[in-house]
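K.L.:
all I have is the shape, not the residue letters:
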Ligand SMILES: NC(=O)c1ccc[n+]([C@@H]2O[C@H](COP(=O)([O-])OP(=O)(O)OC[C@H]3O[C@@H](n4cnc5c(N)ncnc54)[C@H](O)[C@@H]3O)[C@@H](O)[C@H]2O)c1
């Protein structure tokens, strides 16, 4: 019960990782305010809407009677090398992967500070640390999120606000599987093949990432600020 009476805002809560994070937080006693574009969440909303992002922390705080933890988990991936990237791809990727966390952190930090501190966990990516090929928009957006995390981790530690990020490699979620489907591969077969490229023998399941997100949000990580935690089963990005 690490999150007993903790009030947590989670974005992307209908997604592969987000659903598991929400369920685990609830099992550990948290009160949740969940959001996504669709699904059974506290607030349906689009993170490309700046005013929605700006208002979200206060909305969550009003609904729960306070705010202790923010998890910026939503994300989108746009694929293809730079010559195929459209202006719309650029705007969407930056809006969801970096502008939304920027706006949400900016609005949440004063609320967290007012109650003596808190924690923010951002979901970046190994690809934000070591760019994978043919996803320029995704890797630059996740690099920006990693950098924002490090900066805020320093800036807001004096207010007892810990800001950290998890950086997964491949995770078995709709984001990964839909990419295979779009390219004409059978997702199950593609995941089996991908499993063989990971030293631990399998790509991550959402639970593997969720456990690290919960750790970073909890007091178990009380001395961690601005950390970028790679969770990769031993597989480096090449
Ligand atoms: N799956 C992977 O291999 C992998 C690897 C590294 C990092 N990540 C990151 O993990 C996080 C969670 O992704 P996932 O793998 O669970 O994928 P997912 O696609 O299952 O979940 C992402 C969620 O974000 C939501 N979202 C996207 N755009 C939105 C918008 N405009 N407004 C509101 N919500 C929006 C989606 O609706 C979805 O529920 C993302 O930030 C992703 O970049 C995933």
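P.N.:
Looks like it arrived, so ask away. Given the structure is predicted, the values throughout are model-derived calculations rather than measurements. Residues are numbered from 1 along each chain as shown.
K.L.:
name the residues of stretch 121-136 that are buried.
P.N.:
121-132, 135-136 (16 or more other C-beta atoms under 10 Å). From N, CA and C alone the C-beta is placed, and that goes for glycine too.
K.L.:
turn those into TSV, including distance to residue 67 and pLDDT.
P.N.:
Formatted as TSV, the buried residues of stretch 121-136 follow (distance: C-beta to C-beta, whole Å; pLDDT from 0 to 100):
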residue	distance to residue 67	pLDDT
121	14	99
122	16	99
123	18	98
124	22	98
125	25	98
126	29	97
127	30	97
128	26	97
129	29	97
130	33	96
131	33	94
132	34	91
135	33	95
136	34	98
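K.L.:
in JSON lines: the residues you listed, plus distance to the ligand.
P.N.:
Below are those laid out as JSON lines (distance: C-beta to the nearest ligand atom, whole Å):
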{"residue": "121", "distance to the ligand": "11"}
{"residue": "122", "distance to the ligand": "8"}
{"residue": "123", "distance to the ligand": "4"}
{"residue": "124", "distance to the ligand": "7"}
{"residue": "125", "distance to the ligand": "4"}
{"residue": "126", "distance to the ligand": "7"}
{"residue": "127", "distance to the ligand": "7"}
{"residue": "128", "distance to the ligand": "8"}
{"residue": "129", "distance to the ligand": "11"}
{"residue": "130", "distance to the ligand": "12"}
{"residue": "131", "distance to the ligand": "13"}
{"residue": "132", "distance to the ligand": "10"}
{"residue": "135", "distance to the ligand": "11"}
{"residue": "136", "distance to the ligand": "15"}
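K.L.:
which residue sits closest to residue 21, ignoring its sequence neighbours?
P.N.:
Nearest residue to residue 21 in three dimensions, chain neighbours excluded: residue 210, at 4.5 Å (C-beta to C-beta, 6 or more residues apart in numbering).
K.L.:
residue 175 now?
P.N.:
Spatially, and ignoring its direct neighbours in sequence, residue 175 is nearest to residue 77 (5.7 Å; C-beta to C-beta, 6+ apart).
K.L.:
my read: the one you found touches residue 138, true?
P.N.:
Yes. Look at residue 77 against residue 138 with C-beta atoms under 8 Å: they come within range, at 4.9 Å.
K.L.:
which residues do these two both contact?
P.N.:
residue 93 (C-beta atoms under 8 Å, 6 or more residues apart in numbering).
K.L.:
now, the buried residues of stretch 121-136 that are in strands?
P.N.:
Judged by DSSP state E, strands contain the following of the buried residues of stretch 121-136: 121-123.
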